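Q: Please find the sequence and the predicted model below.
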Amino acid sequence: MNDIRLILSRTASKCRIPVFRRPMMRPNSHNPLWLPQELWYRIIEVFDNDLCTLSNCSLTCRAWAAAFRPLLFRRLRVTDRNFRRVHSLLLANKQIGTHVRHLTFMDFQSWSGQWQQEQRKTLAFILAQFPQMTNLCLKVLVLTPSMLDTLALLSSPVQFLTVGTLVGATPDAFTRFIRAFSNLHTLSVEEDLYIHPEGKGLSSASVMERLMRTLGIAFTPPAQREPDWYQRAISSLFWNLSHRTIRGDPRALAALLQNAAPSLTCLRLDFRCLYDDTVAFGKMDNASITCLEFGGVSPYDKYWIPQFLSQVRTASIREVKFRNFPSGSSTQTTDLLRALEPVLSRATLPALQRVTFIASFSSSATERSLGCTSIQVLLPHLHAEGLLVFED
């Protein structure tokens, strides 16, 4: 309890928000602390950024259980460092899982198919503790048979799925993966989808090593790595994407779209430059998708997006969004808009009602204004029909 009081006092002093306690009605009562909503969010941030604090705090007092748990555990992150701790917490306090709505499996640098096979019972237990989970984010995952079996049993409440780097032995692994989410509304693909015949012998580290060696980037053994090695390696990897020597597998994306639940209405795609614009995606019919979102802009979008739209059933698409769209006028942006002009039309998208451009965060008001004017000039038919929407 002393740890909790110390955190409250420090957080309140930083926020300059008064802390209120409801008057005790009885000497032996344990009423929860009544705090402003802003302070609850600051408390959550403190715990979210400091896993040691969470590990050292007591979870036994009734005031903690009544006041902190519903908000503190609404969003839960599982990493390779706190995996065992999360398992212990859920064993001792199974009610914690009922509060979780957003579950994230962060980058597991040491994860591999073999590790998942060894930990399959623990993983199944952890995933089974979240009956009301609606948002699931899988940053790195090897699609082993045991993991697919676990997801098939436990993922029905998930409505919003975000995937990072997924590795499967065959396209069928991605088919089984997406079929596990029978109530899915939104699918976000943030990183690369790989099909590799090594199957369960793959690991996130081995994939990174293979890609880095292809690009001629030094791969540091685990025992010699500095704390920020992984992030620096990823930065170097994306910096060298211009070599076009590595790509995700379009068959994996095709498997996800072909077999997604009929409830899927929104598809968000990032890192499209990793897919070769000369390789066909195959038939990717999914008539339920009404909204397409593309994050960021790459030099290859002028080839990739028109090809993608030509291979996806577009009769039901009502909205197309471009997030973090660069403001101002540049050759890259101009080329992209000219390539989009023939495909962003009622002739190609008969149900189209809106095309939204969301400016990047770093853009100034002047740049955003110039960007809007440039888009209106290069997409005159959308501007004339009133389909263009600009958001900050």
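A: Arrived safely, thanks for sending.
Q: how deep is residue 177 tucked in, by neighbour count?
A: 25 (other C-beta atoms under 10 Å). All C-beta atoms are positioned from the backbone trio N, CA, C, and that covers glycine.
Q: Distance check, it against residue 144.
A: Look at residue 177 and residue 144: by C-beta to C-beta, to the nearest Å, they are 11 Å apart.
Q: Rounded mean pLDDT for stretch 184-194, please.
A: Mean pLDDT, stretch 184-194: 87.
Q: Restricting to C-alpha, output that stretch in CSV.
A: Extracted in CSV, the C-alpha atoms of stretch 184-194 (Å, rounded to 0.1, in the frame of the first residue of the first chain):
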residue,chain,number,x,y,z
LEU,A,184,-13.6,-9.3,-37.2
HIS,A,185,-14.5,-5.8,-38.2
THR,A,186,-11.2,-4.1,-38.9
LEU,A,187,-7.9,-5.7,-40.1
SER,A,188,-4.7,-3.6,-40.0
VAL,A,189,-1.5,-5.0,-41.6
GLU,A,190,1.3,-2.9,-40.3
GLU,A,191,4.4,-4.8,-41.4
ASP,A,192,5.4,-7.8,-43.5
LEU,A,193,3.8,-11.1,-44.1
TYR,A,194,6.3,-13.9,-44.9
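Q: need the strands for the stretch 51-200 of the chain, in chain order.
A: Using DSSP state E, counting those that start in this stretch, the strands found in the stretch 51-200 of the chain span residues 75-78, 102-105, 135-142, 160-168, 186-189, 193-195.
Q: Sorry, wrong one. I was asking about the stretch 201-350 of the chain.
A: 266-269, 291-295, 319-325.
Q: could those go into JSON lines alongside mean neighbour count?
A: Output for the strands of the stretch 201-350 of the chain, formatted as JSON lines (neighbours: other C-beta atoms under 10 Å):
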{"stretch": "strand 266-269", "mean neighbour count": "20"}
{"stretch": "strand 291-295", "mean neighbour count": "19"}
{"stretch": "strand 319-325", "mean neighbour count": "20"}
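Q: now for those, which one comes closest to residue 124?
A: Across the strands of the stretch 201-350 of the chain, residue 124 has its closest neighbour in strand 266-269 (28.2 Å, C-beta to C-beta).
Q: Residues contacting that closest one, please?
A: Here strand 266-269 makes contact (C-beta atoms under 8 Å, 6 or more residues apart in numbering) with 185-189, 257, 286, 289-295, 308.
Q: if we go to 6 Å?
A: With C-beta atoms under 6 Å, 6 or more residues apart in numbering as the test, strand 266-269 has contacts from 186-189, 289, 291-294.
Q: related to what we said a few turns ago, got CSV for the strands of the stretch 51-200 of the chain, with mean neighbour count too?
A: Formatted as CSV, the strands of the stretch 51-200 of the chain follow (neighbours: other C-beta under 10 Å):
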stretch, mean neighbour count
strand 75-78, 18
strand 102-105, 19
strand 135-142, 21
strand 160-168, 22
strand 186-189, 20
strand 193-195, 23
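Q: Out of those strands, which gets nearest to residue 126?
A: Once those are compared by C-beta to C-beta, strand 75-78 is nearest, at 7.0 Å.
Q: elements contacting the closest one?
A: strand 102-105 (3 or more C-beta pairs under 6 Å, 6 or more residues apart in numbering; DSSP states H and E).
Q: Direction included, what does the strand it packs on pair against?
A: With DSSP bridges as the test, strand 102-105 is paired with strand 75-78 (parallel), strand 135-142 (parallel).
Q: Okay, angle between the last one and strand 160-168 too, please.
A: To tie it back to what came earlier, the one meant is strand 135-142. With axes from the mean of the first three to the mean of the last three C-alpha atoms, to 10 degrees as the basis, strand 135-142 and strand 160-168 are set at 10 degrees to each other.
Q: Verify the stated contact: residue 309 with residue 343.
A: Yes: assessed by C-beta atoms under 6 Å, residue 309 is found in contact with residue 343 at 4.9 Å.
Q: can you list the domain ranges for the chain.
A: Per automatic domain parsing, the domain ranges recorded for the chain read 1-23+31-72, 74-289, 318-392.
Q: can you count the residues close to the closest residue to residue 122 other than its chain neighbours?
A: Once flanking residues are discounted, residue 122 sits nearest to residue 87: 5.7 Å by C-beta to C-beta, 6 or more residues apart in numbering. Residues within reach of residue 87, counting by other C-beta under 10 Å, total 17.
Q: so what's residue 87 scoring on pLDDT?
A: For residue 87, pLDDT reads 87.
Q: for residue 321, same thing?
A: On pLDDT, residue 321 comes in at 91.
Q: That one: what's it in contact with?
A: So residue 321 contacts 293, 356 (C-beta under 6 Å, 6+ apart).
Q: Specify the beta-bridge partners of it.
A: As for beta bridges, residue 321 partners with residue 293, residue 356 under DSSP bridges.
Q: Now residue 385: closest residue in space, sequence neighbours ignored.
A: residue 346 (7.6 Å).
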